[in-house]
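[1] Fold the following, please.
(2 chains)
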Amino acid sequence: MTDYPQILFKNRRPDETVFIDDFRKTGGYSGLEKAIREMTPQEVRETVKRSGLRGRGGAGFSTGLKWSFFPVDQPGEKYLVCNCDEMEPGTYKDRQLLSADPHQLIEGVILSAWALQATEAYIFIRYAYEQEARHLERAIAEARAAGYLGENILGSGWGLRIHVHRSAGRYILGEETALLNGIEGVRPNPRRKPPFPAVRGLWGRPTTINNVETLANIPHIITGGADWFKCLARSPEGAGTKLFGLSGHLNRTECFELPVGISLREVIFEVGGGIRGGKPFKACLPGGASTPYLTGEHLDVAMDFDSIAAVGSRFGTAGVTAFDADTCMVAVTLNLIRFFARESCGWCTPCRDGLSYVQWLLEELEEGRGGKEQIELLEHQRRNITGRAFCALAEGAMGPLDGLLRLFRDELEDHVRKGRCPFRA
Amino acid sequence: MNKLLSQSELDTFRAKAAASAHPRELIVDLLRAIQDHHGWVPDEGIELAAEILGLSPLQIEEIATFYDKIFRQPVGRKVIHVCDSICCWATGSEEVAGYLRRKLGIDFGETTADGAFTLLPTCCLGACGDAPAMMIGLTLYGRLTPEKIDAALEKEKSRSQESGVGSQGKTS
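    Here you go, the predicted structure:
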């Protein structure tokens, strides 16, 4: 396998976590020191904007642009929140990052909070990541003891506290406004936008929410520069590297740091070692459970936000789940829809009732009880739910359904024609 | 003092609530602490949390019933969460679930007669590269085979006998 530049995983060792001494030996906290001693907060924000970094939590929004909405000069409390909910099936990169090198996130949080002049930071972490939460608490204590956290950080006159907020399950908490409700201790339904969190977020105060991997990139952008970061990507539209979590029917199901813009073919057949048992590749989710499938015809697509969007899917979190040729894509889609239906918070009708109805239609088809009218009803539901739900959960659920209807309609029709799942013995 | 929390935990939460501008922030931590101590969150736990945080029991209940890792009914000494999300499904989670059901003699949602284990399905555990996976208490087990499941159950059973009721939050 080709050697790829390792930025976020440069300290990764098998079954080992790097803490402050080893982190500093490889340049840790030099980005924070450079920013505070040599740059203004505005210069940091501009560097991040020029770097082309796009949010690594799935939506892919420009981080610099998001930060530009933040009222840096507004007096009073302002918050930076790190989203480590990571409950999208197929996505496990943030856990790998925290397990390998938790200080990288802590440095990213401190540096970003300074750039935004936020006064408090929260790291929201999912229930299943208890070991990683403890790593973070140790890293926070070490950073505080070393003078990187607390009052008057590096003599700047600016101080920060970081809180670790443990969750207790439910995928909806990954939605940024539901996450804010989760921290506040109210029922975590999403909030209506506008006002956006940058204007009115945690306890009504300005708040920016960024993903773990996004924030972990910030110190490297400051030490290496915006141009260096852009050039890490293979494609001109991309910037930086990306953590790809491989799963499903691949020979190597691990998390790899790869350049943005690498082809899907290279990810599947070189990095992932191809399909288990030498079977043909059929399809994959390119970026988590909410992204429409890519198939063999898309193998030469560059894995960056714009190139994948151009073929009707999304880069998402780069959690690539591959399926072999013996896999029933109706059954795959049914599994995904069951997940989204179960995780709906129930706040709006298209999500609460629509996803359950889609699940029932797919169950009918998979069990051989469905007719052509069920396929038409799936089309109708896809149109009916898309753009009409309160938040992105139901819209995300329509990703794999859209892929099924667009790319595997013949499989749906085969279920109807045969009156059973053609992939089952 | 209280079977729902140790005296020191109680004192710590009361102090935190008094010092916080937003005591509600502590609801999930408090419910998890009660669950760690008691095994699950009974009505008295809801009322205790409400009293500590200066909220109504309903304000606590609407949080407790939202999260799937907060248990409002008695569970076994250890809860087994079997991931049924796509990566685990693709690599055999249905077989894992079948094996566990046969081995423990219970279905999802049930507890073994000896009170050792409760079996529940769960969404993605963030172990997609190590699928199929399950979590017992807060310990993750991946790349499951019948042999690995047997070993995990033995290990967890002896661990829960050592620590007794309320061991969900304890990790190795």
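[2] What is the burial count for the residue of chain B found nearest chain A?
    Chain B approaches chain A most closely through B:Arg24 (3.2 Å), counting by C-beta to the nearest C-beta. Placement of C-beta: from N, CA and C, glycine included. Counted with other C-beta atoms under 10 Å in any protein chain shown, residues neighbouring B:Arg24 total 19.
[3] Quick check: the gap between the residue of the stretch 251-400 of chain A found nearest chain B and A:Ile275.
    Chain B sits closest to A:Thr253 of the stretch 251-400 of chain A, with a gap of 4.4 Å, by C-beta to the nearest C-beta. Going from A:Thr253 to A:Ile275 by C-beta to C-beta, to the nearest Å gives 11 Å.
[4] More neighbours: the two, which one.
    Taking other C-beta under 10 Å, A:Thr253 and A:Ile275 do not tie; A:Thr253 has more neighbours (26 against 21).
[5] In contact with A:Leu111, which residues?
    Taking C-beta atoms under 8 Å, 6 or more residues apart in numbering or on different chains as the criterion, A:Leu111 is in contact with A:Gly31, A:Leu32, A:Ala35, A:Val44, A:Ile218, A:Pro219, A:Ile222.
[6] Find the helix or strand that the first one is a member of.
    By that I understand A:Gly31. helix A:30-38 (DSSP states H and E).
[7] thinking again about what came up before, surely the residue of chain B closest to chain A is in a helix?
    Yes. B:Arg24: assigned to a helix according to DSSP: H, G, I helix; E, B strand; the rest coil.
[8] Mind listing what's buried along stretch B:150-160?
    B:Ala152, B:Leu153, B:Glu156, B:Lys157, B:Arg159, B:Ser160 (16 or more other C-beta atoms under 10 Å in any protein chain shown).
[9] which SS state does the second one fall under?
    The reference is to B:Leu153. Assigned by three-state DSSP, the conformation of B:Leu153 is helix.
[10] which ones are touching it?
    B:Lys103, B:Leu104, B:Phe117, B:Ile136.
[11] And for the second one, the neighbour number?
    B:Leu104 is flanked by 21 other residues according to other C-beta under 10 Å.
[12] Any idea how many residues pack against the residue nearest to it when sequence neighbours are not counted?
    The shortest distance from B:Leu104 to any non-neighbouring residue, by C-beta to C-beta, 6 or more residues apart in numbering or on different chains, is to B:Thr112 (5.3 Å). For B:Thr112, the neighbour count with other C-beta under 10 Å is 18.
[13] so how far is B:Val41 from B:Thr112?
    21 Å.
[14] circling back: the residue nearest to the residue of chain B closest to chain A when sequence neighbours are not counted and B:Phe66: what is the separation?
    Using C-beta to C-beta, 6+ apart and skipping the chain neighbours, the partner closest in space to B:Arg24 is A:Gly185 (3.2 Å). Going from A:Gly185 to B:Phe66 by C-beta to C-beta gives 11 Å.
[15] ok so, going back, out of the contacts of A:Leu111, which comes closest to A:Lys242?
    Taking C-beta to C-beta as the measure, A:Lys242 sits nearest to A:Ile218 out of those, at 15.1 Å.
[16] now the helix or strand hosting that closest one against helix A:30-38, angle please.
    Secondary structure assigned from DSSP H and E places A:Ile218 in helix A:212-224. Here helix A:212-224 runs at an angle of 60 degrees relative to helix A:30-38 (axes from the mean of the first three to the mean of the last three C-alpha atoms, to 10 degrees).
[17] other SSEs contacting the host helix or strand of B:Val96?
    Assessed by DSSP H and E, B:Val96 sits inside helix B:93-104. Contact here means 3 or more C-beta pairs under 8 Å, 6 or more residues apart in numbering or on different chains; DSSP states H and E; on that basis helix B:93-104 packs against strand B:78-83, strand B:117-122, helix B:146-163.
[18] phi, psi of the closest residue to chain B within the stretch 101-250 of chain A?
    Using C-beta to the nearest C-beta, the closest approach of the stretch 101-250 of chain A to chain B is made by A:Gly185 at 3.2 Å. For A:Gly185, the backbone dihedrals (degrees, to the nearest 10) come out as phi 80, psi 30.
[19] What distance do you get for the nearest residue to A:Gly316 once chain neighbours are set aside to A:Leu246?
    Distance criterion C-beta to C-beta, 6+ apart; nearest residue to A:Gly316, sequence neighbours excluded, is A:Gly287 at 2.3 Å. As judged by C-beta to C-beta, A:Gly287 and A:Leu246 stand 12 Å apart.
[20] hey, what's in contact with both of the two?
    Common contacts of A:Gly287 and A:Leu246 (C-beta under 8 Å, 6+ apart): A:Val320.
[21] gap between stretch B:98-114 and the chain center?
    Distance of stretch B:98-114 from its chain centroid, counting by C-alpha atoms, centre = their mean, to the nearest Å, is 17 Å.
[22] Okay, buried residues for that stretch please.
    B:Tyr99, B:Leu100, B:Leu104, B:Ile106, B:Thr111, B:Thr112.
[23] hang on, the earlier thing: quick one: pLDDT of the residue of chain B closest to chain A?
    Per-residue confidence at B:Arg24 stands at 96 (pLDDT).
[24] Assumed A:Thr321 was part of a helix.
    No. Using three-state DSSP, the assignment for A:Thr321 is strand, not a helix.
[25] Can you show me the strands along chain A?
    Per DSSP state E, chain A carries strands over the ranges A:79-84, A:120-125, A:161-166, A:207-211, A:241-248, A:255-259, A:281-285, A:294-295, A:319-324.
[26] would you list these in TSV and tack on distance to chain B, mean neighbour count and mean pLDDT?
    Formatted as TSV, those follow (distance: least, C-beta to the nearest C-beta, whole Å; neighbours: other C-beta atoms under 10 Å in any protein chain shown; pLDDT from 0 to 100):
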stretch	distance to chain B	mean neighbour count	mean pLDDT
strand A:79-84	10	27	98
strand A:120-125	9	23	98
strand A:161-166	7	18	98
strand A:207-211	13	25	98
strand A:241-248	4	27	98
strand A:255-259	6	23	98
strand A:281-285	7	26	98
strand A:294-295	15	22	98
strand A:319-324	6	27	98
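[27] still on that earlier bit, how about the residue nearest to A:Gly316, what does it touch?
    A:Gly58, A:Ile308, A:Ser313, A:Arg314, A:Phe315, A:Gly316, A:Thr317, A:Ala318, A:Gly319, A:Val320.
[28] surely the last one meets A:Pro286?
    Right, A:Val320. Yes. At 5.9 Å, A:Val320 counts as touching A:Pro286 under the criterion of C-beta atoms under 8 Å.
[29] intersection of neighbour lists for those two?
    A:Leu264.
[30] one step back: from the contacts of B:Leu153, pick the one nearest A:His298.
    B:Ile136 (38.9 Å).
[31] so what's the nearest residue to that closest one once chain neighbours are set aside up against?
    Closest residue in space to B:Ile136, ignoring its immediate chain neighbours: B:Glu156 at 4.7 Å, by C-beta to C-beta, 6+ apart. Shown in contact with B:Glu156 (C-beta under 8 Å, 6+ apart): B:Lys78, B:Phe117, B:Ile136, B:Gly137, B:Thr139.
[32] on that earlier part again, next, format the buried residues of stretch B:150-160 as CSV and append pLDDT.
    Below are the buried residues of stretch B:150-160 laid out as CSV (pLDDT from 0 to 100):
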residue, pLDDT
B:Ala152, 97
B:Leu153, 97
B:Glu156, 94
B:Lys157, 86
B:Arg159, 78
B:Ser160, 70
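[33] of those residues, closest to A:Phe423?
    B:Ala152 (30.8 Å).
[34] okay, now A:Arg50: neighbour count?
    Using other C-beta under 10 Å: A:Arg50 sits among 16 other residues.
[35] show me the contacts for it.
    By C-beta under 8 Å, 6+ apart, A:Arg50 lies in contact with A:Gly64, A:Ala226, A:Asp227.
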